[in-house]
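J.: Got a sequence here, can you build the structure:
(2 chains)
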Protein chains: 2
Amino acid sequence: MNADLIIQAAHVLKMDSDFTVIENGAIAVKDGRIISVGTSEDVRKQYSSEKVIGGKDTVAFPGLVNTHTHSPMVLFRGLEDDLPLKIWLEEHIWPAENTWLSSEFVGDAVELACLEMLKAGITLVNDMYFFGDVIARTVKKFGMRAVVGAGILDFPSKTAHTPDEYLAQAEAFIRDWKGDDLITPALAPHAPYTCSPETMLKTRKISDRYMVPVHTHLSETQWESGEMKRRYGKTSVQLLEDLGVLDERFIAAHCVWLTDEEIDILARRRVGVSHCIESNLKLASGIAPVVKMLNAGVRVTFGTDGAASNNDLNILSEASTAAKVHKAVSGDPTALNARQAMLMATRWGAQALGLGDVTGSIEEGKAADIVLAGLRKPHLVPIYDIYSHLIYAMNAGDIDTVIINGKVVINRRELTTGDESEIMDRALVWEKKIRSSRAE
Amino acid sequence: MNADLIIQAAHVLKMDSDFTVIENGAIAVKDGRIISVGTSEDVRKQYSSEKVIGGKDTVAFPGLVNTHTHSPMVLFRGLEDDLPLKIWLEEHIWPAENTWLSSEFVGDAVELACLEMLKAGITLVNDMYFFGDVIARTVKKFGMRAVVGAGILDFPSKTAHTPDEYLAQAEAFIRDWKGDDLITPALAPHAPYTCSPETMLKTRKISDRYMVPVHTHLSETQWESGEMKRRYGKTSVQLLEDLGVLDERFIAAHCVWLTDEEIDILARRRVGVSHCIESNLKLASGIAPVVKMLNAGVRVTFGTDGAASNNDLNILSEASTAAKVHKAVSGDPTALNARQAMLMATRWGAQALGLGDVTGSIEEGKAADIVLAGLRKPHLVPIYDIYSHLIYAMNAGDIDTVIINGKVVINRRELTTGDESEIMDRALVWEKKIRSSRAE
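T.: You can find the predicted model right below:
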């Protein structure tokens, strides 16, 4: 039988429920879907194709999933660092956003963010920002998969004035994009301390009507815990539980300051958690109780957060940092092992975003969202365990080829769906403007 | 005037005491030394050369210093992971060393380690292992700079049977290599729990005689603290202090489980500390009190530890992880800022190894140990602060060119002093042998 594309690799990590690794494997792709995965011998007996990629020093794994970011903030990468969160946010990031936010800014920024993420093997991203329509169009243009959350706040910003105006925009955005093959529209109420219970309930209603995800920041800082108790006499998670808005369509970023009871609630409600370890460390927000969450059965996934606070969009690095930090914090060197970290970075990420049937593993019937990385590098030999290599030794720069929906979007480190040089040049023009306005 | 080499860069980080950054800078090199550093305009007015490298999208910074590793263990990279230290060491690493250690193994392994380190911008490494002569010859062949510590133990190994035999071998090794332009011979008593006070004192005597560094593991695990108290009624640092062996020629790896008094001792004695954050995290050894050490005036530097426990030899990554983790652990987002992290990775590293006059910064008179990295990459634009970029966004893979003693050893990511492909092939032969012996 004829396939559109055959991918060969020394190691194919299916990331299925058995953690199957096929040595000398191959994957046949047709109409954007995986139609066969097995040993190269078996697959090549059944399928042929004019297009065969990969090879003997290659590992193939499912596209990585970034479950929390603000893509447009990539243009503020490193604008200010090593500052307390309050000063960083209130004196630098918010004023910068207030000055520069526009559909042009967001469009150019998201192009750069997509380019960076694709080159780092990220095939699916969960974004939260404003100008959702611009973000969705840009991501789609690059052939990338995204859940795009329309930002909702109780206070005015450049895009809306009242919570109801944000909600109306969000609903219109959902109607426009619902059913798209690459973009899942979603609702993104910023946080329980910036969105009232009323706003959260209205958000939930829209989510129920259209069956779309709800994406929020939750329990990021110790300040939030204190503030929520002061306002409502309960923590953020308890408040949302009492409102009845938590379920498996809910994805919560950060979840740093959790009590054991809150962890139980997140597990029981099957809430997806986006663990943003590098952002949490760098802003000194704290270290989320990930081992406890995993033991309680919470589906923990990885997010980069925005590049302004990280400073890159690199899920392999998040997984590596998390796998190491949680061993030391828990005092247990067997905690969060390499295989578990890869699961969190792939299949669980897709499941947390409601796309577990579509992507997240290399299995027949799923979309061909596949990453190929070269293994013939000084820091990647010798090789005794492929999971260990991916989590503890590989860098984003080792990723050669990225395939989404069967389409090669990164080919030998080159973007096929846009002009890298133009994208970087446009980012540098924004840099100049932002720099000069700050120098005034 | 004629120079052997002129390096141009958009940003030259001198890493001098003023943290000078020269925009549109240039460096003139003659006879292996830096003879001029300044703006490109000024340098090019005074010096010309047939060889001009670097360019407008480039950053130049001093070679990175890896202050603690066991280079030959690179052939055990990822042999076993996610295990408790005792099982990992006693059931996997020690048996593997016992089976495979030989001068051939060490030679092939160190070639791979040098290749990996050079490509990661490391120009100076502080090594601790056996077969020092093989290590020194291999490192020198690659044009790399190293402090090579001759391993000393109280118990027999493949290389010696008694402490005095190790010490005699170490002294002979020092005599052979003392005065070499790239290699500094040193003494490496393994740890205070594997070397008796008597062995430590004998080591000290040889160090005094030849004025060479002493490199040891110190206070790595909580077990060590308990064991030392049981044996000697005091901690490792207090024991060494009472023996009178601590001074600025002493470099101590790990230093995780320190009391405030021990931190004061390390500061007062000007002991160099090699902080191995990724190894300490991954083995769940604990998190060293780095912020406290820095506040007390301890010269803290970065080490990778062996690749078997890390799993790579990448100082930029160590610096990045440390800069982030210590913010969260101390609850202070201003702790260990990007500039401080670069200082620890360069000038302080060289100083801790007694080579502060030779290397560690880009200043006139110092050896030309310089790294160039390309900045025109999606994850490195825009750019507001160059230190922030190096620590929070750059990867080892962004390093293009590495110069040691004025010689280009990595040229556009290619090794000039050896055959990369042959080195990797030899590593893969060892992998096959090691794998098959374990399968038996």
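J.: Setting aside sequence neighbours, what's the nearest residue to residue A:362?
T.: In this structure, residue A:362 finds its nearest non-sequential neighbour in residue A:14, 4.7 Å apart by Cβ to Cβ, 6 or more residues apart in numbering or on different chains. Backbone N, C-alpha and C define where each C-beta goes, glycine included.
J.: again, but for residue A:8
T.: residue A:54 (4.2 Å).
J.: Write out the residues of the stretch 151-300 of chain A neighbouring chain B.
T.: Contact residues (Cβ under 8 Å from any Cβ of the partner chain) of the stretch 151-300 of chain A with chain B: A:278, A:280-287.
J.: Tell me which two in these are the farthest apart.
T.: Within these, two members stand farthest from each other by Cβ to Cβ: A:278 and A:286, at 13.0 Å.
J.: in chain A, which helix or strand is least confident?
T.: helix A:85-87 (a mean of 81; mean pLDDT, DSSP states H and E).
J.: Is there proximity between it and chain B?
T.: Yes - judged by Cβ under 8 Å from any Cβ, helix A:85-87 comes into contact with chain B at residue A:85.
J.: and that helix, how far out from the chain's middle?
T.: Relative to its chain's centre, helix A:85-87 lies at 24 Å (Cα atoms, centre = their mean, to the nearest Å).
J.: Stretch A:295-303 now?
T.: 14 Å.
J.: As PDB, could you dump the C-alpha coordinates of that stretch?
T.: C-alpha atoms of stretch A:295-303 as PDB (Å, rounded to 0.1, in the frame of the first residue of the first chain):
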ATOM      1  CA  ASN A 295       1.100  10.200  43.900                       C
ATOM      2  CA  ALA A 296      -2.500  11.500  44.300                       C
ATOM      3  CA  GLY A 297      -3.200  10.800  40.700                       C
ATOM      4  CA  VAL A 298      -3.200  14.400  39.300                       C
ATOM      5  CA  ARG A 299      -2.400  14.700  35.600                       C
ATOM      6  CA  VAL A 300       0.700  17.000  35.800                       C
ATOM      7  CA  THR A 301       2.100  18.300  32.500                       C
ATOM      8  CA  PHE A 302       4.700  20.900  31.600                       C
ATOM      9  CA  GLY A 303       4.400  24.500  30.600                       C
END
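J.: What are the buried residues along it?
T.: A:296, A:298-303 (16 or more other Cβ atoms under 10 Å in any protein chain shown).
J.: quick one on the thing from earlier: what strands line up against the host helix or strand of the residue nearest to residue A:8, and which way round?
T.: Element membership of residue A:54, judged by DSSP states H and E, is strand A:52-62. Its sheet considered, strand A:52-62 pairs with strand A:5-13 (parallel), strand A:370-374 (antiparallel) by DSSP bridges.
J.: Okay, angle between the longest helix anywhere in chain A and strand B:52-62 too, please.
T.: Criterion DSSP state H: the longest helix present in chain A is helix A:420-439. In terms of direction (axes from the mean of the first three to the mean of the last three Cα atoms, to 10 degrees), helix A:420-439 departs from strand B:52-62 by 50 degrees.
J.: What mean pLDDT does helix A:420-439 get?
T.: Averaging pLDDT along helix A:420-439 gives 93.
J.: what's the answer for stretch A:98-105, then?
T.: 93.
J.: Centre of the chain to it, how far?
T.: The answer for stretch A:98-105 is 23 Å, by Cα atoms, centre = their mean.
J.: ok, residues contacting that stretch?
T.: Stretch A:98-105 has contacts (Cβ atoms under 8 Å, 6 or more residues apart in numbering or on different chains) with A:72, A:75, A:130-131, A:134, A:157-159, A:430, A:433-434, A:437.
J.: For these, which entry has the maximal number of neighbours?
T.: Using other Cβ atoms under 10 Å in any protein chain shown as the neighbour test, these are led by residue A:72, with 28 neighbours.
J.: Would you agree that one falls within a helix?
T.: Yes - the assignment for residue A:72 by DSSP: H, G, I helix; E, B strand; the rest coil puts it in a helix.
J.: okay, and for the stretch 101-250 of chain A, where does confidence drop off?
T.: Counting by pLDDT under 70, the stretch 101-250 of chain A contains no low-confidence residues.
J.: Buried deepest among the strands paired with strand A:52-62, which one?
T.: strand A:370-374 (a mean of 25; mean count of other Cβ atoms under 10 Å in any protein chain shown).
J.: next structured bit after that strand?
T.: With DSSP H and E, the next secondary element past strand A:370-374 is helix A:386-392.
J.: Take that following helix, keep the C-alpha atoms, and write them as PDB.
T.: Provided in PDB are the C-alpha atoms of helix A:386-392 (Å, rounded to 0.1, in the frame of the first residue of the first chain):
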ATOM      1  CA  ILE A 386      16.700   6.300  25.300                       C
ATOM      2  CA  TYR A 387      14.300   7.900  27.800                       C
ATOM      3  CA  SER A 388      17.300   8.900  30.000                       C
ATOM      4  CA  HIS A 389      19.000  10.500  27.000                       C
ATOM      5  CA  LEU A 390      15.900  12.500  26.100                       C
ATOM      6  CA  ILE A 391      15.400  13.900  29.600                       C
ATOM      7  CA  TYR A 392      18.900  14.200  30.900                       C
END
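J.: For that helix, which outside residues touch it?
T.: Here helix A:386-392 has contacts from A:11, A:13, A:21, A:59, A:61, A:316, A:319-320, A:323-324, A:337-339, A:341-342, A:373, A:375, A:380, A:383, B:78, B:81-82, B:282, B:310-312, using Cβ under 8 Å, 6+ apart.
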